[in-house]
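S.K.: Dropping a prediction and its sequence here:
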Amino acid sequence: MKPSLEVPVSEGSPYPVYCGTAIEQFLPTVWDRDWRQAVIIGDSKTSALLGASVARSLGRLADSVLTLSFSAGEQNKTRQTKEALEDAMLQAGVERGCCVVAVGGGVALDLAGFVAATYLRGVAHIHIATSLLGQVDAAIGGKTGVNTPCGKNLIGAFHNPRAVLLATQCLSTLPEVELRYGMAECVKHAVVGSPPLLDAIESCPPDPPSDSIVLQSARVKVAVVARDEREQGLRRVLNFGHTVGHAIEAATGYLVPHGQAVAWGMLVEATLARERFGMPETDLERIRAVIGRLGLRRPAPCPFDRLSDHWLKDKKTQQGQVHCSLPCRIGVMADQANGWRTPVRMQMLRRAWEDVFK
Ligand code: GLY
């Protein structure tokens, strides 16, 4: 069975990405016979839906299958949850020749990937991505990690999976709002590197997106991480919308969900891009229209000063300037000479913010 995509990595062979393949077909295709123990890690929701069928498939491939789950939710993507999972694996006698099978959305993939990155100094893992956000973002690129009270994803490691399944068959079971949040990342990928993807999103029905949209979006991510696995430069373009998006999340005590915050963060940053790099008004208007069409509603008003407080406390802020990765037009990112990120003065950010939230 041919994968839909392959992701080249700096060490070892490229890993395959399958899209829409049945889990029972995917697992035997990618399973390495040296993996004698399988450890399934999923959150409470996905484990209830898929745990038994994944365990049945793995039972035919490995000598033992350990199923672990944790309470669903971003608030549980913590060092404490990681420790509990690791302790359960140690007590069950899981050895280095195991494979961790992460099943779920971004939280489960990031957390299980981080367990795999550090358990006995690193074991193999596979991603079965069930949410749209997980499929187009977290499953690919090897970023793993947990949140801390000081911020999101502050503790983690790069650890590439051995294989990825974008389980698009699961999308029809997701609440509509989750799909909208995932679509925000698809819009980001379109702006970063794929005008045809934006055309497709503009004309897609508001239901689960087609496999083609998921794949086109994943393809942008693969193209970027293939050229910059460790975020030394180009990978920063994937942060478009996230400088402002993360600040909206933090300034509202994470009451605004990530996808909604990134959508409106993209609008503010595209407004900055118009001012700084002459992004055409028509491109900005397309981003505004597609966000509206996807039902990514404007978050409740938040004073700009709360965002600037967040940035000023951030160690990455230098001399009152924050860094944003900005497009010059849809499909083309700016400022390669500066490592694909542009220093922006607080005053300029305030103007863009007020322009969007007036
Ligand atoms: N989510 C952005 C990245 O993987 O670099």
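M.R.: Nice, I can see it.

S.K.: all contacts plus neighbour counts: C-alpha atoms, from now on.
M.R.: Fine.

S.K.: who touches residue 172 in this structure?
M.R.: Neighbouring residues of residue 172 by CA atoms under 8 Å, 6 or more residues apart in numbering: residue 208.

S.K.: try 10 Å
M.R.: 131, 179, 207-209 (CA atoms under 10 Å, 6 or more residues apart in numbering).

S.K.: Could you dump the residues you listed into TSV and include secondary structure, neighbour count and pLDDT?
M.R.: Shown next, in TSV, are the contacts of residue 172 (DSSP: H, G, I helix; E, B strand; the rest coil; neighbours: other CA atoms under 10 Å; pLDDT from 0 to 100):
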residue	secondary structure	neighbour count	pLDDT
131	coil	28	96
179	helix	21	94
207	coil	12	80
208	coil	22	90
209	coil	21	94
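
S.K.: ok, of those, which one's closest to residue 326?
M.R.: Nearest to residue 326 among these is residue 179, at 24.8 Å by CA to CA.

S.K.: Am I right that residue 18 is in contact with residue 139?
M.R.: No. Applying CA atoms under 10 Å as the test, residue 18 and residue 139 come out as separate, 11.2 Å apart.

S.K.: Of the contacts of residue 172, which is the nearest to the ligand?
M.R.: Of all these, residue 131 has the smallest distance to the ligand: 14.5 Å, by CA to the nearest ligand atom.

S.K.: end to end, how far does stretch 165-181 reach?
M.R.: Length of stretch 165-181, first residue to last, CA to CA, to the nearest Å: 20 Å.

S.K.: how distant is that stretch from the center of its chain?
M.R.: Its chain's C-alpha centre and that of stretch 165-181 lie 14 Å apart, by CA atoms, centre = their mean, to the nearest Å.

S.K.: Kindly report the same for stretch 262-278.
M.R.: 20 Å.

S.K.: try stretch 62-81
M.R.: Worked out by CA atoms, centre = their mean, stretch 62-81 lies 18 Å from the chain centre.

S.K.: Ok, stretch 20-35 next?
M.R.: Counting by CA atoms, centre = their mean, stretch 20-35 comes out at 23 Å from the chain centroid.

S.K.: In it, which residues are buried?
M.R.: For stretch 20-35, the neighbour count (16 or more other CA atoms under 10 Å) marks 20-21, 23, 26-27, 30-31, 35 as buried.

S.K.: Could you write out the alpha-carbon coordinates of it in CSV?
M.R.: Taking C-alpha atoms only, stretch 20-35 is exported to CSV below (Å, rounded to 0.1, in the frame of the first residue of the first chain):
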residue,chain,number,x,y,z
GLY,A,20,-8.0,7.8,5.2
THR,A,21,-6.7,4.2,5.3
ALA,A,22,-8.6,1.9,7.7
ILE,A,23,-6.7,1.4,11.0
GLU,A,24,-6.8,-2.4,10.5
GLN,A,25,-4.9,-2.0,7.2
PHE,A,26,-2.6,0.8,8.3
LEU,A,27,-1.1,-1.0,11.4
PRO,A,28,0.0,-4.2,9.7
THR,A,29,1.5,-2.2,6.8
VAL,A,30,3.7,0.0,9.0
TRP,A,31,4.4,-2.3,11.9
ASP,A,32,8.1,-3.3,12.4
ARG,A,33,8.4,-7.0,13.4
ASP,A,34,11.1,-6.0,16.0
TRP,A,35,8.4,-4.1,18.0
